[in-house]
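**Student:** with the input below, show me the fold.
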Amino acid sequence: MGILEKAGETALDLAKNEAVLDKTSNIMSMLFPYAGLTQKALDMYISDVEKSDMPSESKLIAVLNAKNTIKRLKNQKNIAEIASSTAKDDTDFTEKSGVNREWLERFMESAGFVSDEMVQMMWGKILGKEFEEPGSTPFNMIRILSEITPAYAQAFRKICSMQVVTVGLNENGVIKFARQDVVVPYNKNEEKLKELGLTFGILSELETLGLIKFDTLGGFVSTGIDEKKVLLYIDGKTLEFEEHTENEVPSGNVMLTVAGNCLKNITPKEVIEGYSELVKKYIKNSQVKLKDHSKYHVIRDGDTIHCEKLEQ
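**Tutor:** Numbers count the residues shown, from 1 in each chain. Presented below is the predicted three-dimensional model:
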């Protein structure tokens, strides 16, 4: 009996004797034999090898292969547990979920080589989201996750933390639209972003991975903004445009791809100290004027945006 069979036998034994009947077990029922893996499986297999009449060299190779296999299985189990703990409570983790089995097998095969905890968290959350909405994960996500390093993951988290809410007001100061976008103000802030780990090289590598588009020349713009009064809400601060040209406002040097947006949705934000000043500096370099003091104050309560006109 090989290590996979021994691991599976141990998993089934644990499920029967310890009532391992949670969502993680449901995931693993689709990807035999990851549920319930413990050191017990490895110990049992090694004991069988040692008792066998295999040559000593073959025993050594068998034990080494078993240890590598168990390591991969534990990585897969960790990622599955993250998926089950972060997905919505009513998520179906059985074969009835509609998740493509071939995609799932490819995903978990690659997941076996991921041991970094931060990267495992990304894999697990993406897996959970796929079970929530089968077919929603971009085709290239497995490749991207397989190639992303902890350093790239940390840099991408910084990018996802750089978010600005753009608010358009009508002539009466009533909100006509409010949308949140990632805005990375790279131009004129290169040194500060370098301190944050967002060097030209790192950003270029994230573009090669397929998570972002990176443009240091003209940068990107938000279009279709017809309102004359446009505000930016950044970490509790409100900025107001004095004017904007051709229904456009500058939106930084980075644009997320479809895969980048998918990964952003499961990436926790962190506070970027001085971020609003970086955005102001970037906008001024874009030759778009900001008022010294906004006449309005944006208030955010969860997903709800309010706007108050300040007394003059």
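**Student:** show me where the stretch 201-312 of the chain has helices.
**Tutor:** Here the stretch 201-312 of the chain has its helices, by DSSP state H, counting those that start in this stretch, at 258-264, 275-285.
**Student:** with the stretch 51-200 of the chain instead?
**Tutor:** Going by DSSP H, counting those that start in this stretch, the stretch 51-200 of the chain shows helices at 56-86, 101-111, 117-132, 141-147, 150-161, 190-195, 200-209.
**Student:** what mean pLDDT does the third one get?
**Tutor:** Per-residue confidence for helix 117-132 averages out to 95 on the pLDDT scale.
**Student:** tell me the buried residues in it?
**Tutor:** Of all the residues in helix 117-132, those buried under the rule 16 or more other Cβ atoms under 10 Å are 119-132. No exception for glycine: its C-beta is placed from N, CA and C like everyone else's.
**Student:** which residues of the stretch 151-300 of the chain score low on pLDDT?
**Tutor:** Along the stretch 151-300 of the chain, segments meeting pLDDT under 70 span 243-246.
**Student:** related to what we said a few turns ago, mind giving me a markdown table with the buried residues of helix 117-132 and columns for distance to Glu207?
**Tutor:** Below are these laid out as a markdown table (distance: Cβ to Cβ, whole Å):
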| residue | distance to Glu207 |
| --- | --- |
| Val119 | 19 |
| Gln120 | 24 |
| Met121 | 23 |
| Met122 | 18 |
| Trp123 | 21 |
| Gly124 | 25 |
| Lys125 | 22 |
| Ile126 | 20 |
| Leu127 | 25 |
| Gly128 | 27 |
| Lys129 | 23 |
| Glu130 | 24 |
| Phe131 | 29 |
| Glu132 | 28 |
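**Student:** quick check, nearest of these to Ser97?
**Tutor:** Looking at those and their distance to Ser97, the nearest is Phe131, at 5.4 Å (Cβ to Cβ).
**Student:** look up how far Ile272 lies from that closest one.
**Tutor:** 32 Å (Cβ to Cβ, to the nearest Å).
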